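In: 3D, please:
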Amino acid sequence: TPSARTQMMVSSVAVKIARVPADTSLLFPTNARRLTRFMMEETYGGCRPLSAAWAQRGVLDATADSDFYSRLAYYESMRTEGRPRGSIFQALAAGGSPSG
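Out: Down below sits the predicted model:
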């Protein structure tokens with residue numbers, strides 16, 4: 001069982017777990033992009049503009065956006081048909097921003 005200190009730390013953090021809804025626009029995938037940007041920043045940090053890492057990061061961002069957009073659309077279409085296949089969840093801080 002967790003220690004009293006761990007339980008106290010966890011209970012004092014206001015985090016909401018929510019399903020990420022599918023985006024309606026392929027050109028502007030707001031939900032997918034928001035989640036992938038957060039993941040990339042938390043995983044890799046920032047990079048210097050116009051560097052090799054910056055160019056590679058652009059490719060990774062586009063790939064992640066496309067993948068998440070497609071997954072969210074698939075999960076939503078299956079849920080609409082009454083055959084749920086999965087969900088992507090995110091932790092949101094009190095202000096609604098993604099929380100790691």
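In: chain neighbours aside, what residue packs nearest to P84?
Out: Excluding the flanking residues, the one nearest P84 by CB to CB, 6 or more residues apart in numbering is M78, at 5.8 Å. Every C-beta, even on glycine, is put in place using the N, C-alpha and C of the backbone.
In: phi, psi of that neighbour?
Out: The phi/psi pair for M78 (degrees, to the nearest 10) reads phi -70, psi -40.
In: what's the local residue count around it?
Out: The number of residues packed near M78 is 13, by other CB atoms under 10 Å.
In: now do the helices in the chain.
Out: Assigned by DSSP state H, the chain shows helices spanning 4-11, 30-44, 52-80.
In: for G96, which of the ones you listed is the nearest?
Out: Among the helices of the chain, helix 30-44 comes nearest to G96, with 10.3 Å by CB to CB.
In: quick one: contacts of the closest one?
Out: Applying CB atoms under 8 Å, 6 or more residues apart in numbering, the contact partners of helix 30-44 are 20-23, 57, 60-61, 64-65, 68-69, 72, 88, 90, 98, 100.
In: can you check the pLDDT for the residue nearest the centre of the chain?
Out: For the chain, the residue nearest the mean C-alpha position is L35 (2.6 Å; CA atoms, centre = their mean). L35 carries a pLDDT value of 89.
In: next one: it from E81, what distance?
Out: Look at L35 and E81: by CB to CB, to the nearest Å, they are 24 Å apart.
In: over to L72?
Out: Taking CB to CB as the measure, L72 falls 15 Å from E81.
In: with neighbour numbers in mind, choose between the two.
Out: L72 (22 against 9).
In: just to check, the more buried one is in contact with T24?
Out: No - judged on CB atoms under 8 Å, L72 makes no contact with T24 at a distance of 10.4 Å.
In: mark which of the contacts of helix 30-44 are buried, thanks.
Out: By neighbour count, with 16 or more other CB atoms under 10 Å, these hold V20, A22, D23, A64, D65, F68, Y69, L72, Q90, P98 as buried.
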